[in-house]
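J.: Here is a sequence with its predicted model. Questions after.
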Amino acid sequence: MSSDATSAQSSLTLNCAPLPEIRADAVVGLGLLEYLHDIPSLLAHVPTVTAIAVFSYNIVDAEDRPGNRLSHGWVNDLTSAELEERFRAAGTRFNLEP
């Protein structure tokens, strides 16, 4: 494998500062927020990257067994109200869908 191909497959680390400086037409984070220690920092950073972002999140009030979150490696446990507050505090426009 060439060094160009290797560098194209590098990963992003989102659990440490500073967050990567990239530009994108859109950002999609499905099954991502559950693994982040600092969701507000990511939400504040997203508007500097793109105007369009889609995220999913398994809220605690939708879980049958919230204790299983750690077994998945998830590091946070937000209710829908707490998740909404994170988006509001970041100053982002959002639309929550059940």
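T.: Yes, it's here. Just so you know, these numbers come straight off a predicted model, no measurement behind them.
J.: from the chain's centre, how far out does the longest helix seen in the chain sit?
T.: The single longest helix within the chain, with elements called by DSSP state H, is helix 80-89. Here helix 80-89 is found 13 Å from its chain centre; the criterion is Cα atoms, centre = their mean, to the nearest Å.
J.: Show me the contact partners of that helix.
T.: 33, 39-40, 43, 57, 59, 61-62, 78, 94, 96 (Cβ atoms under 8 Å, 6 or more residues apart in numbering). All C-beta spots, glycine's among them, are computed from the backbone N, C-alpha and C.
J.: Does I22 touch H45 like I think?
T.: No - counting by Cβ atoms under 8 Å, I22 does not reach H45; the two are 9.9 Å apart.
J.: that's a helix at N95, yeah?
T.: No - if the criterion is DSSP: H, G, I helix; E, B strand; the rest coil, then N95 is coil and not within a helix.
J.: dump the residue contacts of the residue most central in space within the chain.
T.: When Cα atoms, centre = their mean is applied to the chain, the residue found nearest the centroid is L33 (3.4 Å). By Cβ under 8 Å, 6+ apart, the contact list for L33 reads 39, 42, 55-57, 76, 83.
J.: switch the cut-off to 6 Å
T.: By Cβ atoms under 6 Å, 6 or more residues apart in numbering, the contact set of L33 is 39, 55, 57.
J.: Could you give the number of residues near L42?
T.: The burial count assigned to L42 is 22, neighbours taken as other Cβ atoms under 10 Å.
J.: what's the answer for L70, then?
T.: Neighbourhood size, L70 [other Cβ under 10 Å]: 10.
J.: pretty sure it is in a strand, no?
T.: No - per three-state DSSP, L70 lies outside any strand segment and is helix.
J.: Tell me the spacing between it and V54.
T.: 26 Å (Cβ to Cβ, to the nearest Å).
J.: Kind regards, and thank you for your time.
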